[in-house]
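1. I'll drop the sequence and a predicted model, then ask my questions.
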Amino acid sequence: QVQLVESGGGLVQAGGSLRLSCAASGDTTCISVMGWYRQAPGKQREMVARIIIGGDTDYADFVKGRFTASRDNAKNTLYLQMIVLKPEDTAVYYCNVECGIGDVLFDYWGQGTQVTVSS
């Protein structure tokens, strides 16, 4: 089991910045992928950024150049630095990890943190 707790959301004006954090606890040694997703009202959840442990980091086209995902291994924490925020970035942002145990892959999600960008 992995527990995820996000923080750092809030209200910001367009053009502003925020940094989201996701603290992982529990059996974190099984984690193979860590990522951020978001869901706006009336829309499907979508991938924002995804870090493959020991591999690449993928970004959605709509955040390239504006958002940066990073990890602090010592703190088991995932970050999402967001700059030049736009009103269309308004959504609930969720932390996600993929955890491999044997041949089974588990998905864990945080509770979400609201990001609201005003125009």
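-> Here it is on my side, so go on.

2. ranges for the strands of this structure?
-> 2-7, 10-13, 18-26, 31-39, 46-52, 57-59, 67-72, 77-82, 91-101, 104-109, 113-118 (DSSP state E).

3. Paired strands for the fifth one, with orientation please.
-> When you say that, I think you mean strand 46-52. In the sheet, strand 46-52 lines up against strand 31-39 (antiparallel), strand 57-59 (antiparallel) (DSSP bridges).

4. then the longest one to PDB, C-alphas only?
-> Only the C-alpha atoms of strand 31-39 are listed here, as PDB (Å, rounded to 0.1, in the frame of the first residue of the first chain):
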ATOM      1  CA  ILE A  31       7.000   2.600  -7.200                       C
ATOM      2  CA  SER A  32       7.900   2.500 -10.900                       C
ATOM      3  CA  VAL A  33       6.200   5.600 -12.100                       C
ATOM      4  CA  MET A  34       5.100   8.800 -10.500                       C
ATOM      5  CA  GLY A  35       2.900  11.400 -12.100                       C
ATOM      6  CA  TRP A  36       0.500  14.200 -12.100                       C
ATOM      7  CA  TYR A  37      -3.000  14.200 -13.600                       C
ATOM      8  CA  ARG A  38      -5.700  16.800 -13.600                       C
ATOM      9  CA  GLN A  39      -9.500  16.900 -14.000                       C
END
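
5. As TSV, the strands of the chain with mean pLDDT and mean neighbour count would be great.
-> (Each C-beta comes from the backbone N, C-alpha and C, glycine too.) Shown next, in TSV, are the strands of the chain (pLDDT from 0 to 100; neighbours: other C-beta atoms under 10 Å):
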stretch	mean pLDDT	mean neighbour count
strand 2-7	95	17
strand 10-13	98	13
strand 18-26	97	18
strand 31-39	96	20
strand 46-52	97	18
strand 57-59	96	15
strand 67-72	96	17
strand 77-82	97	21
strand 91-101	95	20
strand 104-109	93	13
strand 113-118	98	17
